[in-house]
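**Q** Have a look at this fold, sequence not included:
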């Protein structure tokens, strides 16, 4: 035997990738060693060098970034929605500009128009149909 003797630890590994199995066989044949020693050498080489970031960690990072982006986008969309509703409220209150703008019935009509606008928009979003430019319903 060689000058250094180490205790062997038995580990049973099942390989499902035929390319890995073929590479281990080539490594064992070229070094004239058993396949288990070739596997041990390959593992030692792989563990000794610094490997690039684990793809699972990158996926986790991307997942977190996407979730953060979705949260901020949802907040932005809510702000835009509130601004659009205020613009619509001001628009409907000024058409036509009359004394009846302060009338509770007129205000109820404006609120009804806004609700209809929101319902129609939500229905279009859900159906996935985009209205054509210049099309009048």
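**A** Looks like it arrived, so ask away. Quick caveat: nothing in here was measured; it's all calculated off a predicted structure.
**Q** ranges for the helices of this structure?
**A** Secondary structure of the chain, counting by DSSP state H: helices at 18-31, 35-48, 55-93, 104-127.
**Q** Nearest to residue 11, out of those?
**A** Each of the helices of the chain has some distance to residue 11 by CB to CB; the shortest is helix 35-48, at 9.0 Å. Yep, even glycine has a C-beta here, placed from its N, CA and C like the rest.
**Q** Check which helices and strands that closest one is in contact with.
**A** helix 18-31 (3 or more CB pairs under 8 Å, 6 or more residues apart in numbering; DSSP states H and E).
**Q** Was I right to think residue 117 contacts residue 87?
**A** No - Residue 117 is beyond contact range of residue 87, at 11.2 Å (criterion: CB atoms under 8 Å).
**Q** For those two, indicate the residue with more neighbours.
**A** The neighbour comparison of residue 117 against residue 87 (other CB atoms under 10 Å) goes to residue 117, with 14 against 10.
**Q** Excluding chain neighbours, what is closest to that one?
**A** residue 88 (6.3 Å; CB to CB, 6 or more residues apart in numbering).
**Q** can you pull the contacts of the one you found?
**A** The contact partners of residue 88, taken as CB atoms under 8 Å, 6 or more residues apart in numbering, are 113, 114, 117.
**Q** mind checking how far residue 65 is from residue 72?
**A** Remark: distance between residue 65 and residue 72 (CB to CB, to the nearest Å) = 11 Å.
**Q** any common contacting residues for those two?
**A** Counting by CB under 8 Å, 6+ apart, nothing touches both residue 65 and residue 72.
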